[in-house]
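J.: what shape does this take:
(4 chains)
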Protein chains: 2
Amino acid sequence: MTGQRRVIARVLSDAEDHPDVEELYRRASELDPKISVATVYRTVRLLEEKGILERRDFGGGRARYEATEHGRHYHLIDVETGKVLEFEDEEHEALMRQIANRLGFELISMRLELFGRRLPTPEAAKTERPKAAKKARGTGK
Amino acid sequence: MTGQRRVIARVLSDAEDHPDVEELYRRASELDPKISVATVYRTVRLLEEKGILERRDFGGGRARYEATEHGRHYHLIDVETGKVLEFEDEEHEALMRQIANRLGFELISMRLELFGRRLPTPEAAKTERPKAAKKARGTGK
DNA sequence: CTAATTGCAAAAAGTTTGCAACCAT
DNA sequence: ATGGTTGCAAACTTTTTGCAATTAG
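T.: The predicted structure is shown next:
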């Protein structure tokens, strides 16, 4: 465990968002200016192989990362702003597991991304900027 | 509408799988050897913008494409072989639409990919001949 | 000390683009 | 003719890699 690796791991676990390598490099450089991009790439790959990190792809050609321990959540990408909203759905994973099983597979991981456009609701109009996604559930409104 | 474009469109609509640009280029080259990769990239981008094609990303750094008219389906990727299985789930889309709405968004499109490992099924158990008795779970067949 | 890790810069890999030639209309 | 399209190769962008220097254990 070297200093650089620690720094990068730190940046990653601190990240609340889904930074790409360039962004990780930028943040890591603030803590340790002599880190190189190559190391970021290498570390990120290492951590992904170890299952500590997950690579995401929200389009744009760059791989983005988030810590696996963030828990079960999915992403809704605002097609206008590119912003990523997270939401949860406990039942969803079980459902997908069933589907995979039905097809004869053990579900190892999954990727679910919704792309949407903000709906103008009365609430939204008043609030203007909802901060965080609320928990999404199977039923009930 | 030029010849090249027609050829590429043809290759794409004929494709039952999810080829990447390199593969498309290969297939198109068989029909018209003087097509260039650049044209494939350009055409693919064009068709995607027109909504005729959809870009997929199953990992591996390359964008893969499929005709939009293929219909509503999702993908299950066999992590061992890389093979892509398609499946449908009518209810799922409705569910996701609900979730998006609840979050204040109109669902425009979605991406769902399951990654799984093939489960030993009774059928498979018959077909495969286990040489070494290693599995503890033989009863499941 | 030994093996793993890093930085750097060069090289890959994938995709885009400038431009002159080319083709459909 | 005219404007969109193509091929080619060069340019870009993102990621990987060879290698010598450096560092952890």
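
J.: quick check: beta-bridge partners of A:Phe87?
T.: A:Tyr74 (DSSP bridges).

J.: was I right to think it contacts B:Leu103?
T.: Yes: here A:Phe87 reaches B:Leu103: they are 6.2 Å apart, a contact under C-beta atoms under 8 Å. No exception for glycine: its C-beta is placed from N, CA and C like everyone else's.

J.: quick one, helices of chain A?
T.: Assigned by DSSP state H, chain A shows helices spanning A:3-14, A:21-31, A:37-49, A:90-102, A:122-127.

J.: as CSV, the ones you listed with distance to B:Asp20, mean neighbour count and mean pLDDT would be great.
T.: CSV is the format used below for these (distance: least, C-beta to C-beta, whole Å; neighbours: other C-beta atoms under 10 Å in any protein chain shown; pLDDT from 0 to 100):
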stretch, distance to B:Asp20, mean neighbour count, mean pLDDT
helix A:3-14, 29, 17, 92
helix A:21-31, 22, 17, 95
helix A:37-49, 21, 16, 94
helix A:90-102, 24, 16, 89
helix A:122-127, 39, 10, 60
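
J.: next, format these as JSON lines and append distance to A:Gly82.
T.: Formatted as JSON lines, the helices of chain A follow (distance: least, C-beta to C-beta, whole Å):
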{"stretch": "helix A:3-14", "distance to A:Gly82": "21"}
{"stretch": "helix A:21-31", "distance to A:Gly82": "14"}
{"stretch": "helix A:37-49", "distance to A:Gly82": "21"}
{"stretch": "helix A:90-102", "distance to A:Gly82": "24"}
{"stretch": "helix A:122-127", "distance to A:Gly82": "18"}
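
J.: can you pull the residues of chain A lying near DNA strand D?
T.: A:1-3, A:20-22, A:37-38, A:41-42, A:45, A:61-63 (C-beta under 7 Å from any atom of the strand).

J.: just to revisit the earlier point, which one of the helices of chain A lies closest to B:Ala15?
T.: Ranking those by distance to B:Ala15, with C-beta to C-beta as the measure, places helix A:90-102 first at 24.5 Å.

J.: which residues are contacting the closest one?
T.: Outside helix A:90-102, the residues that touch it by C-beta atoms under 8 Å, 6 or more residues apart in numbering or on different chains are A:72, A:74, A:106-107, A:110, A:112, A:137-138, B:76, B:87, B:89, B:92, B:95, B:112, B:114, B:116, B:119.

J.: which of the residues of chain A next to DNA strand D sits closest to B:Glu80?
T.: A:Arg45 (20.2 Å).

J.: distance check, the closest one against A:Leu24.
T.: 12 Å (C-beta to C-beta, to the nearest Å).

J.: the longest strand seen in chain A pairs with which strands, parallel or anti?
T.: In chain A, with assignment by DSSP state E, the single longest strand is strand A:105-118. Partners of strand A:105-118 in the sheet, by DSSP bridges, are strand A:74-78 (parallel), strand B:105-118 (antiparallel).

J.: what residues of that strand count as buried?
T.: Buried residues in strand A:105-118, counted by 16 or more other C-beta atoms under 10 Å in any protein chain shown: A:Phe105, A:Leu107, A:Met110, A:Arg111, A:Leu112, A:Glu113, A:Leu114, A:Phe115, A:Gly116, A:Arg118.

J.: format those residues as TSV; extra columns: pLDDT.
T.: TSV is the format used below for the buried residues of strand A:105-118 (pLDDT from 0 to 100):
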residue	pLDDT
A:Phe105	95
A:Leu107	89
A:Met110	84
A:Arg111	82
A:Leu112	87
A:Glu113	86
A:Leu114	89
A:Phe115	84
A:Gly116	89
A:Arg118	92
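
J.: give the contact list for the nearest residue to A:Tyr41 once chain neighbours are set aside.
T.: The shortest distance from A:Tyr41 to any non-neighbouring residue, by C-beta to C-beta, 6 or more residues apart in numbering or on different chains, is to A:Val21 (6.0 Å). With contact taken as C-beta under 8 Å, 6+ apart, A:Val21 is in contact with A:Val37, A:Val40, A:Tyr41, A:Val44, A:Arg62, A:Ala63, A:Tyr65.

J.: those: which ones sit near DNA strand C?
T.: Applying C-beta under 7 Å from any atom of the strand to those, those adjacent to DNA strand C are A:Val37.

J.: tell me the one among the contacts of A:Val21 nearest to DNA strand C.
T.: Nearest to DNA strand C out of the contacts of A:Val21 is A:Val37 (C-beta to the nearest atom of the strand; 6.9 Å).
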